[in-house]
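A.B. asks: Sequence first, predicted coordinates after that:
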Amino acid sequence: MSLDWIYWAISWILLFWHSAWDRIGVPSGEVLGTNWSWILAIVFLVVTVRVILFPVFVKQIKSQRAMQAVQPKVKELQEKHKGDRETLQKEMMELYRVEKANPLMGCLPMFLQIPVFLGLFHILRRLNPEQTLNVDLYGWSADQFYDASAASLFTAPLAGRFGSTAEELAAMGANGTTVKVITGILVIIMIVTTYLTSRQMILKTGWAEDPQQKMIQRLMLYGIPASLLISGAIFPVGVIIYWVVNNLVTLAQQQWVLRKFPPPPMPAGKGKPTTTSTGRPTSKGGATSARNGAAADAKPKSGGIFARKANGAAPTEPEPAPAREALKPKPGAKPVNTKKRRPAKRPG
């Protein structure tokens with residue numbers, strides 16, 4: 001299957017944004033060793049892709065909420081079919097179908113961006129100033145091709161890699177040490193932000209009960225960041241910039257969604273995060289937090305009008321105090337001295 005349509009689409013978006021920044025007046029030449037018009041073109045390539053994938057992101061959030069809601073039912077199925085893995089898998093697949101929950105939806109936005117990574121990787125690898133053939137490939141003019149070939153971030157070429165050979169760096173007119181330092185810093189930022197995007201969601205929704213979903217969570221949290229430590233050495237600087245910006249957008253987007261539409265509290269359980277009525281997470285053990293939550297609920301509410309019994313019974317309303325009118329003396333009645341009279345002393 002040919003991927004030319006992906007290369008054409010990515011090239012068109014890059015060239016569109018580069019031309020837009022040129023028209024606005026962003027300098028195409030180097031400022032602090034950086035061609036900002038090409039850097040901004042990559043940044044807004046991220047924005048364009050995220051806008052296109054926003055409906056998928058919404059479906060991802062809905063699926064994760066559905067997965068969280070069915071966790072108690074999943075736990076029941078695990079207890080019911082303990083030892084019968086085949087029946088358990090069938091029952092859970094049926095449960096996911098009925099509840100419209102998809103364990104793989106959490107990885108879908110990242111998988112859909114793989115073609116973008118591959119396309120940008122393919123295009124940046126062709127940005128070789130010594131290449132003179134097919135410079136107009138994927139809609140690039142000769143001027144755009146050579147301008148992008150000379151583009152850099154703090155003197156590190158966008159096509160440069162941590163593992164670039166001395167010949168490749170010499171062709172780009174780059175310093176090997178500078179490229180390795182800039183690329184190494186970007187790879188570290190890429191790994192950290194990739195880890196934080198998964199950790200942010202897990203802290204809010206908790207670990208899944210389903211073994212398959214839990215394995216996916218661990219893969220997203222630990223596996224992918226660890227793999228970037230090796231694969232980051234072959235990524236061009238431009239691709240790493242794309243990945244870092246994409247992670248930062250994801251962190252901001254998830255934070256906004258989780259604040260505006262907070263997930264429902266997780267059921268209390270050993271080692272599972274849950275929330276109290278005040279929205280604060282309970283302790284890991286659960287027992288102390290449960291007692292504290294019960295004590296908080298037992299306190300009088302609304303100024304002490306309603307109180308909860310210690311044994312957990314329903315709140316009862318105290319008897320109303322006698323009205324002031326009933327305490328007033330009736331007309332014609334003798335006033336009553338409320339003070340207690342001292343007993344008379346007996347004669348000695």
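C.D. replies: It's in.

A.B. asks: residue ranges of the strands in the stretch 151-300 of the chain, please?
C.D. replies: Remark: strands assigned in the stretch 151-300 of the chain by DSSP state E, counting those that start in this stretch are 152-153, 156-157.

A.B. asks: Give me the residues contacting the last one.
C.D. replies: This means strand 156-157. 127, 149, 150, 151, 172, 173, 174, 178, 179, 182, 183, 237 (Cβ atoms under 8 Å, 6 or more residues apart in numbering). Where you see a C-beta, it was placed from the backbone N, CA and C, and this is true even at glycine.

A.B. asks: swap in stretch 241-254?
C.D. replies: The contact list for stretch 241-254 (Cβ under 8 Å, 6+ apart) reads 39, 42-43, 45-47, 49-50, 57, 113, 116-117, 120, 153, 158, 186, 189-190, 193-194, 196-197, 200-201, 235.

A.B. asks: try 6 Å
C.D. replies: Outside stretch 241-254, the residues that touch it by Cβ atoms under 6 Å, 6 or more residues apart in numbering are 42, 43, 46, 50, 120, 189, 190, 193, 194, 197, 200.

A.B. asks: ok, now stretch 207-217?
C.D. replies: With Cβ under 6 Å, 6+ apart, stretch 207-217 has contacts from 71, 74, 75, 103, 202.

A.B. asks: Same question for stretch 57-64.
C.D. replies: By Cβ under 6 Å, 6+ apart, stretch 57-64 touches 101, 102, 105, 109, 257.

A.B. asks: What distance do you get for the spatially closest residue to residue 197 that is not a sequence neighbour to residue 244?
C.D. replies: Distances taken as Cβ to Cβ, 6 or more residues apart in numbering place residue 250 nearest to residue 197, at 4.8 Å, with adjacent residues excluded. To residue 244, residue 250 is 11 Å away according to Cβ to Cβ, to the nearest Å.

A.B. asks: do the same with residue 53
C.D. replies: From residue 53 to residue 244 the distance is 17 Å (Cβ to Cβ).

A.B. asks: Of the two, give the one with the bigger neighbour count.
C.D. replies: residue 244 (20 against 16; other Cβ atoms under 10 Å).

A.B. asks: What's the separation between the more buried one and residue 100?
C.D. replies: With Cβ to Cβ as the criterion, residue 244 and residue 100 are 34 Å apart.

A.B. asks: quick check, nearest of the contacts of stretch 57-64 to residue 34?
C.D. replies: Distances from residue 34 to the contacts of stretch 57-64, taken as Cβ to Cβ, are shortest for residue 109 (29.1 Å).

A.B. asks: Can you report phi and psi for the closest residue to residue 40 other than its chain neighbours?
C.D. replies: Leaving aside its sequence neighbours, residue 40 sits nearest to residue 21 (Cβ to Cβ, 6+ apart; 5.1 Å). With angles defined as degrees, to the nearest 10, residue 21 sits at phi -70, psi -30.

A.B. asks: and what of residue 236?
C.D. replies: Here is the backbone geometry of residue 236 (degrees, to the nearest 10): phi -70, psi 160.

A.B. asks: OK, contacts around it?
C.D. replies: 124, 159, 161.

A.B. asks: got it, and residue 87?
C.D. replies: Going by Cβ under 6 Å, 6+ apart, residue 87 touches residue 81.

A.B. asks: Mind telling me what element it is part of?
C.D. replies: Using DSSP states H and E, residue 87 sits within helix 85-99.

A.B. asks: continuing past that helix, what's the next helix or strand?
C.D. replies: Heading C-terminal from helix 85-99 (DSSP H and E), you reach helix 108-125.

A.B. asks: Could you check the pLDDT of residue 2?
C.D. replies: On pLDDT, residue 2 comes in at 75.

A.B. asks: how close does it sit to residue 57?
C.D. replies: 28 Å.

A.B. asks: who's more crowded, the two?
C.D. replies: residue 57 (16 against 6).

A.B. asks: next structured bit after the helix or strand encompassing that one?
C.D. replies: Assigned by DSSP H and E, residue 57 belongs to helix 54-69. Following helix 54-69 in sequence order, the next helix or strand is helix 71-80 (DSSP H and E).

A.B. asks: hang on, the earlier thing: pull out the buried residues from the contacts of strand 156-157.
C.D. replies: 127, 149, 150, 151, 172, 174, 178, 179, 182, 183, 237 (16 or more other Cβ atoms under 10 Å).

A.B. asks: Let's see which of the residues you listed end up in helices.
C.D. replies: Among the buried ones among the contacts of strand 156-157, the ones falling in helices (DSSP state H) are 149, 172, 178, 179, 182, 183, 237.

A.B. asks: Just give the nearest non-adjacent residue to the second one, would you?
C.D. replies: What sits nearest to residue 172 in space, not counting adjacent residues and going by Cβ to Cβ, 6+ apart, is residue 157, at 4.4 Å.
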